[in-house]
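**Q** All I have is the shape, not the residue letters:
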Ligand code: 5GP
Ligand code: MN
């Protein structure tokens, strides 16, 4: 077993007060990992607080347990003084928002599966072979002897399901299916997980149609991109939470290798999602632009005018696409 994994389990065993922290713009794997670690440690009788320095998308509240996750101010104002901080699914300090301020002040473990991880904890268990961080939390909980019930198993399953696109992406390997089987055998319910995403508001379909109107292609349709401006969200009575999954729709288009979605979540603040199908390494493009992620799914955030950002990013994307294409051809 990995040395850092064993050290993290050892320190968690001894810890009495643990702060579990997730990343900004949280996704299903992050929420699942935060909740699974928090509920698991609570079952062992520890005092545990869960914190994320970002608003949590409304559809995750389908699981009541999501309510235990506190915002940054709430954690700080609670006066909670953890003896250990467990950070999940975050690849660099900026990804945990203001919780960065606790780094260096308390012993910290980073548990993550991103290849772009900067190893910013006291202990770092980073393994890109895992399709989801939720599987790593499952291993920590198992080693700690956490008893699983139907709720914990379902919540833990949610992260594996979401980060593998419900077992459809290339990261859905044998370990993913084995871990999912284990969680289902402990009471995990896949149909409850899918409820989170089969609970759409009509407005989201209208937002999708606005996004579709903005679709553009490059490189003979191998690159596809679209955007939603702050005004687009507002005129459709939506927020950026309502466009989760849109970049996946773009990637599903025939002939597309690289899909890019620009989301202006605040005026002049744009989150960019990259997804690829077979060979393009999105994480290299994201890192170039100050972000990170995985080869087939990565992202970054840029400040500035939306149209300018779109133009700049597409220029960089085309350059890198052609460079990587040449490299692929030469193999
Ligand atoms: P998404 O496009 O869904 O926001 O993110 C796709 C993947 O890239 C996720 O694994 C996410 O953690 C990572 N990612 C997205 N945005 C950023 C970013 O700004 N910085 C870093 N380091 N990773 C990001
Ligand atoms: Mn993840």
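**A** The structure has been received and is ready for your questions. In this text, all values refer to a predicted model and were calculated from it rather than measured experimentally. Ligands and ions are numbered 1, 2, ... in the order given.
**Q** In the protein, what residue comes closest to ligand 2?
**A** residue 29 (3.5 Å; CB to the ion). Quick note: C-beta positions are derived from backbone N, CA and C, even for glycine.
**Q** just how off-centre is the strand or helix carrying that residue within its chain?
**A** Assessed by DSSP states H and E, residue 29 sits inside helix 28-43. Centroid separation for helix 28-43 versus its chain: 14 Å, with CA atoms, centre = their mean, to the nearest Å.
**Q** Ok, stretch 31-48 next?
**A** Mean-position distance between stretch 31-48 and its chain equals 18 Å (CA atoms, centre = their mean).
**Q** quick one: the strands in this protein?
**A** 17-21, 47-51, 69-70, 84-88, 108-112, 123-126, 216-218, 223-228, 258-266, 269-276, 292-293, 297-303 (DSSP state E).
**Q** neighbours of residue 182, just the number please.
**A** Other residues lying near residue 182 total 17 when counted by other CB atoms under 10 Å.
**Q** For it, give me its contacts.
**A** residue 138 (CB atoms under 8 Å, 6 or more residues apart in numbering).
**Q** how far away is it from residue 83?
**A** Per CB to CB, to the nearest Å, residue 182 is found 30 Å from residue 83.
**Q** now swap in residue 53 and tell me
**A** From residue 53 to residue 83 the distance is 21 Å (CB to CB).
**Q** Skipping adjacent residues, who's closest to the residue of the stretch 1-150 of the chain found nearest ligand 1 in space?
**A** Taking CB to the nearest ligand atom as the measure, the point where the stretch 1-150 of the chain comes nearest ligand 1 is residue 91, at 4.4 Å. Spatial nearest neighbour of residue 91, chain neighbours left out: residue 114 (3.9 Å); criterion: CB to CB, 6 or more residues apart in numbering.
**Q** what's the burial count for that neighbour?
**A** So residue 114, with other CB under 10 Å, has 22 neighbours.
**Q** I'd say it and residue 126 touch.
**A** Yes - in this structure, residue 114 is within contact of residue 126 by CB atoms under 8 Å, at 7.3 Å.
**Q** okay if I get the strands of the chain as TSV plus distance to residue 77 and mean pLDDT?
**A** Shown next, in TSV, are the strands of the chain (distance: least, CB to CB, whole Å; pLDDT from 0 to 100):
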stretch	distance to residue 77	mean pLDDT
strand 17-21	14	98
strand 47-51	11	98
strand 69-70	9	98
strand 84-88	17	99
strand 108-112	21	98
strand 123-126	28	98
strand 216-218	46	98
strand 223-228	34	98
strand 258-266	24	98
strand 269-276	26	98
strand 292-293	30	96
strand 297-303	27	97
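**Q** Could you point out which of those strands sits nearest residue 60?
**A** With CB to CB, the closest approach to residue 60 among these belongs to strand 69-70: 8.8 Å.
**Q** which helices and strands sit right next to the closest one?
**A** On a contact count with 3 or more CB pairs under 8 Å, 6 or more residues apart in numbering; DSSP states H and E, strand 69-70 meets helix 28-43, strand 47-51.
**Q** still on that earlier bit, can you state the direction angle for the helix holding residue 29 and strand 17-21?
**A** Here helix 28-43 points in a direction 170 degrees away from that of strand 17-21 (axes from the mean of the first three to the mean of the last three CA atoms, to 10 degrees).
**Q** pLDDT score for residue 219?
**A** With respect to pLDDT, residue 219 has a value of 97.
**Q** Which residue comes closest to it once chain neighbours are left out?
**A** Counting by CB to CB, 6+ apart, the residue nearest residue 219 is residue 321, at 6.2 Å.
**Q** The closest residue to residue 328 other than its chain neighbours: what's it in contact with?
**A** Excluding the flanking residues, the one nearest residue 328 by CB to CB, 6+ apart is residue 279, at 5.1 Å. For residue 279, the contact set (CB under 8 Å, 6+ apart) comprises 257, 324, 328.
**Q** ok, back up a step: what's the neighbour count on the residue nearest to residue 219?
**A** Residue 321 has 20 nearby residues by other CB under 10 Å.
**Q** Now do it against ligand 1, distance only.
**A** From residue 321 across to ligand 1, the span is 17 Å (CB to the nearest ligand atom, to the nearest Å).
**Q** and that residue, what does it touch?
**A** 219, 222-223, 257-258, 280 are the contacts of residue 321 under CB under 8 Å, 6+ apart.
**Q** Pipe these into CSV and attach distance to ligand 2 per row.
**A** Compiled in CSV, these are given as follows (distance: CB to the ion, whole Å):
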residue, distance to ligand 2
219, 28
222, 26
223, 24
257, 22
258, 20
280, 19
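**Q** top of those residues by neighbour count?
**A** The most crowded member of these, judged by other CB under 10 Å, is residue 258 (26 neighbours).
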